[in-house]
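Colleague: have a look at this prediction, sequence included:
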Amino acid sequence: MYIAFDQIKNCLAKLGIFHPFFGITFLVCKQGKLPVGRSKGFPINKKEEEFLNSHYKPDVGSKYYFQPFRTSSRAGRWLSPKYPYSGSQSTRTRGDIAAAFMHKKNTDQWGWSQHYVRILQQKLERDKSPKVPTFWLAAWLFREKDWPADVTPADLVEGFFSTFHITEEERHQLFDMSMPDPSSEAVFAEAPYTDAQLLRTLPSPPDVLPEEGGILKQLQLRAVGPCKVLTFLPAERLSVVTGDNGLGKTFLLECAWWSLTGQWTEKPAYPRLDAERGEPSITFQISGKGRFSEKTTLKYEWEKQRWPAPKGRPTIPGLIVFARVDGSFAIWDPLRHERDMTSETQGLLLFSREQVLRGLEGRIEGLLRDWVRWQHAPDKTVFETFKQVLKRLSPPDMPLEPGDPVRLPHEPREIATLVHPYDRTVPFINESAGIRRIVTIGYLLVWAWNEHRVQAALAKRAPQEKMVILIDEMEAHLHPKWQRVVVPALLDVTAILSRAVEPQIMIATHSPLVLASLETTFDRDTDKLFHLQLTSSGEVAFNETPFVRHGRIDAWLTSDIFELKQPRSREGELAVEHAKRILEQDKPSNTVIRSVTDSLKQTLAPDDDFWPRWAYFAEKKGVKP
């Protein structure tokens, strides 16, 4: 049997008010059988180091020790590897605990003074601490020990006293004998906990580099934005956010970007006007493949009118590309983040629509230059990737196929072209808004991945395996035929960049065609659908909603997601709703029936499926439709 993981977590709270001396130095000295009233040779620094390595090192990748006791260190509860030779040495030789020892300066001669127990008891009293909780100190020290099947909490306590040679006086004066009740809570478990479980509950040690390749696991907005409280748990692969205008789809993506990068693309989120002081907060969690990061909560600083910058992230995200609705793009690369730590932007690349097209000095060459440069390069690897991406993102019946570059009046460079199926070559700068947007998204994905791959090679690092893609108004400028295929195509694009890339995609959309396009590709294990909705009380609600196949596009329009009563024009909807009310009346007048019939003729198509029902009713009432 092993100590239950919940009890190990309880140790952090139970021991958190005590000086670390009682869980480290005191036990080292007791285990070493330090004499009372005289001293002996005892290499206490080395013994403490060995003790810390045995009991206080849950993260083998760090040089630091984790101790669950009280601390004022900047590193929190993580002790420096020099602790036995500095912090602990100072405690033993200076201050109110030093009197408990007999020690000759600059020697390894150590012993207990005659009244050491009383001195240590007075230390607890001065700290206003109760006696040391024996069971939870033992639980921490013996957390990896395999106990007999019939073990009890009392056995744990007695094992502790025996291991460390605790005297009757010490038991009575220094230790609290209370322990958990096995009948009311789980004290032991059949399987041992893992250090990975424990580390998920702890802040990261100071010398452990942040894990890379994280994705957004949780985002909670409190007193910020349209909802009083909004909790967003993005899917592992695809998250689709729907909702009416003005309810917060774009706002949610902007906050997701900030949570991942620590940078706002433009204006920061501002608290709700009805927010109380201290109430507005943003909580987020980023996780990688290894340790789960702890949740980070940042509260709005009213005095400075800003959100504090997130610090000390245990996990930083992978490559991020954000296609914003105004045509601008934001890109964040963890390699640039590391290189630009002294910069306020810390790896953020923000490009306007024109900068993406024509370049920004020192940042990006731009689509027009890169496209032609890739096309003319002896090594056409990047260009072939770009061609494959465009082919996959193409609308039905019109492949996005690059043609030969051309020169145009007043343009200082060759301009890339696309070959259309009607035997016409069109310069890219003359293309439609829809084609320009999708090609630009494809270009930015290829450019960002290629730049990341090149920089990773220069840094002797492996490229990221995670890519987060945010796209606002996925359907913007696209024909319905294109809306019906673009998201499944996007899901395939990252595999063209590299089979090792695993995307997390978040899109906002108003389009029933986009939702319909996912009916054969939506995976309930990796994808989620979210809905922002105005409630009858005037509040905005945000909920995950089950993805249901509706088949026909008009069925999507009348679903709970889009909330139309009829898949018709507004006037047609009103006319049909009026007609339905007349159908329910016992004796509607012929005048009313004729009036409704005229309204239906003005608003419905001749073959509308409501006509047979109405015609039968009208003729029964003696009115010819």
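Modeller: Happy to help now that I have it. Numbering: from 1, shown residues only.

Colleague: okay, CA-based contacts and neighbour counts for the rest of this
Modeller: Noted.

Colleague: quick check: buried residues in the helix ranked longest in the chain?
Modeller: Scanning the chain for the longest helix, with DSSP state H as the assignment, gives helix 433-458. For helix 433-458, the neighbour count (16 or more other Cα atoms under 10 Å) marks 435-450, 452-453, 455-456 as buried.

Colleague: try stretch 153-166
Modeller: 153, 156-157, 160-161, 164-166.

Colleague: likewise stretch 271-278?
Modeller: 271-272.

Colleague: just the residues contacting it, thanks.
Modeller: Contacts of stretch 271-278 with the rest of the structure, by Cα atoms under 8 Å, 6 or more residues apart in numbering, involve 223-226, 280, 299-300, 302.

Colleague: dump the residues you listed to TSV, plus neighbour count and secondary structure.
Modeller: TSV is the format used below for these (neighbours: other Cα atoms under 10 Å; DSSP: H, G, I helix; E, B strand; the rest coil):
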residue	neighbour count	secondary structure
223	22	coil
224	24	strand
225	21	coil
226	23	coil
280	23	coil
299	16	strand
300	20	coil
302	12	coil
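
Colleague: of those residues, closest to residue 136?
Modeller: Closest to residue 136 out of the contacts of stretch 271-278 is residue 299 (33.5 Å), distances taken as Cα to Cα.

Colleague: so what's that closest one closest to, chain neighbours aside?
Modeller: Leaving out its chain neighbours, the residue that sits closest to residue 299 by Cα to Cα, 6 or more residues apart in numbering is residue 281, at 4.3 Å.

Colleague: repeat for residue 420
Modeller: Leaving out its chain neighbours, the residue that sits closest to residue 420 by Cα to Cα, 6+ apart is residue 398, at 6.8 Å.

Colleague: isn't residue 590 right up against residue 621?
Modeller: Yes - between residue 590 and residue 621 there is a contact at 7.2 Å, judged by Cα atoms under 8 Å.

Colleague: sorry, back to before: mind listing which of the buried residues of stretch 153-166 are in helices?
Modeller: 153, 156-157, 160-161.

Colleague: distance to residue 133 and pLDDT added to those, as CSV?
Modeller: Converted to CSV, these look like this (distance: Cα to Cα, whole Å; pLDDT from 0 to 100):
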residue, distance to residue 133, pLDDT
153, 12, 91
156, 12, 91
157, 10, 92
160, 12, 93
161, 12, 94
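
Colleague: what's the closest of the residues you listed to residue 83?
Modeller: residue 160 (24.0 Å).

Colleague: any idea of the pLDDT on the nearest residue to that closest one once chain neighbours are set aside?
Modeller: Leaving aside its chain neighbours, residue 160 sits nearest to residue 138 (5.7 Å; criterion: Cα to Cα, 6+ apart). Residue 138 is assigned 92 on the pLDDT scale.

Colleague: could you do residue 72 as well?
Modeller: pLDDT, residue 72: 69.

Colleague: residue 576 now?
Modeller: 90.

Colleague: do residue 340 as well
Modeller: On the pLDDT scale, residue 340 gets 55.

Colleague: how does this structure divide up, domain by domain?
Modeller: Structural domains assigned to the chain are 2-200, 211-557, 570-620, following automatic domain parsing.

Colleague: which residues of the stretch 51-200 of the chain fall in helices?
Modeller: With DSSP state H, counting those that start in this stretch as the criterion, the stretch 51-200 of the chain has helices at 87-93, 116-126, 134-141, 153-163, 168-174, 195-200.

Colleague: can you redo these as JSON lines with distance to residue 476?
Modeller: Shown next, in JSON lines, are the helices of the stretch 51-200 of the chain (distance: least, Cα to Cα, whole Å):
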{"stretch": "helix 87-93", "distance to residue 476": "61"}
{"stretch": "helix 116-126", "distance to residue 476": "67"}
{"stretch": "helix 134-141", "distance to residue 476": "57"}
{"stretch": "helix 153-163", "distance to residue 476": "64"}
{"stretch": "helix 168-174", "distance to residue 476": "71"}
{"stretch": "helix 195-200", "distance to residue 476": "41"}
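
Colleague: between these, which one is nearest to residue 184?
Modeller: Between residue 184 and the helices of the stretch 51-200 of the chain, the tightest spacing by Cα to Cα is seen for helix 153-163, at 12.9 Å.

Colleague: residue contacts, residue 550?
Modeller: Residue 550 sits next to 516, 556 when contact means Cα under 8 Å, 6+ apart.

Colleague: hmm, I typed the wrong one, I wanted residue 42.
Modeller: Taking Cα under 8 Å, 6+ apart, we find residue 42 in contact with 32, 108-110.

Colleague: what's the closest of those to residue 492?
Modeller: Among these, and counting by Cα to Cα, the member closest to residue 492 is residue 32, at 63.6 Å.

Colleague: name the nearest residue to the closest one, ignoring sequence neighbours.
Modeller: Among residues not flanking residue 32 along the chain, residue 42 sits closest, at 7.9 Å (Cα to Cα, 6+ apart).
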